[in-house]
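In: Return a 3D structure for these sequence lines:
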Amino acid sequence: MLQQIAPAYHQASGLQKQEILEEFVITTGYARKYAQWLLHHVEEIFAPPAALRRRYGPEVEEALVLAWKTLNRICTKRLIPFLPDVLEKLEEQGHVQLSKEHRGQLLSMSAATADRLLQAHRYTHPHGLPTTKAGPLLKQQIPIRTYAQ
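Out: Okay, here's the model as predicted:
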């Protein structure tokens, strides 16, 4: 409804704006000031959020993950300084082919951004699960004296 009313509201004169605003307030139940603000900020409301706009593509993320795994999954604060050398060696070996643009993005990445990109790859197995269990064979081999004997 807001997208349909806003263009007419912007093109209307003063009295027509008041009528459109009154109808919008009655229809939506919003306070008058909030409805007025909504009609003036339609572009901001329907713009895609900044979080959905990705700066780094999948090529950069794949190269980062490969470099991280090559260096035995070290923390990103230690990874970032060694990234140019590791990337050069990976390119020499033919494991990574990056364009100049993607290479520049990867080398200018901060440690916090690298942490966010590696978060999905960091924990692939659950922690804290025991691997040994008490079995019945051990119980049978250990003699236990009870008061009944």
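In: Other residues contacting the longest helix along the chain?
Out: Secondary structure of the chain per DSSP state H: the longest helix is helix 76-93. Contact with helix 76-93 is made by 63, 66-68, 70-71, 96-98, 103, 106-107, 109-112, 114-115, 118, as judged by CB atoms under 8 Å, 6 or more residues apart in numbering. Where you see a C-beta, it was placed from the backbone N, CA and C, and this is true even at glycine.
In: Show the buried residues in those.
Out: Among the contacts of helix 76-93, those classed as buried by neighbour count (16 or more other CB atoms under 10 Å) are 63, 67-68, 70, 96, 98, 103, 106, 109, 114, 118.
In: Go through those and name the one nearest H10.
Out: Nearest to H10 among the buried ones among the contacts of helix 76-93: M109, at 41.1 Å, using CB to CB.
In: where does A12 fall, phi/psi-wise?
Out: Dihedral angles of A12 (phi, psi; degrees, to the nearest 10) stand at phi -80, psi 160.
In: residue contacts, it?
Out: I20.
In: tell me the pLDDT at it?
Out: In this model, A12 is scored at 91, pLDDT.
In: do the same with D85
Out: The model reports D85 with a pLDDT of 95.
In: Neighbours of it, how many?
Out: 10 (other CB atoms under 10 Å).
In: Distance check, it against Q18.
Out: Using CB to CB, to the nearest Å, we find D85 at a distance of 67 Å from Q18.
In: And for E88?
Out: 66 Å.
In: For this structure, name the helix or strand with the lowest mean pLDDT.
Out: Using mean pLDDT, DSSP states H and E, the weakest-scoring helix or strand in the chain turns out to be helix 136-141, at a mean of 71.
In: can you give me the helices in the protein?
Out: So, for the chain - with DSSP H - the helices run 2-11, 14-28, 32-40, 42-46, 58-70, 76-93, 100-107, 111-122, 136-141.
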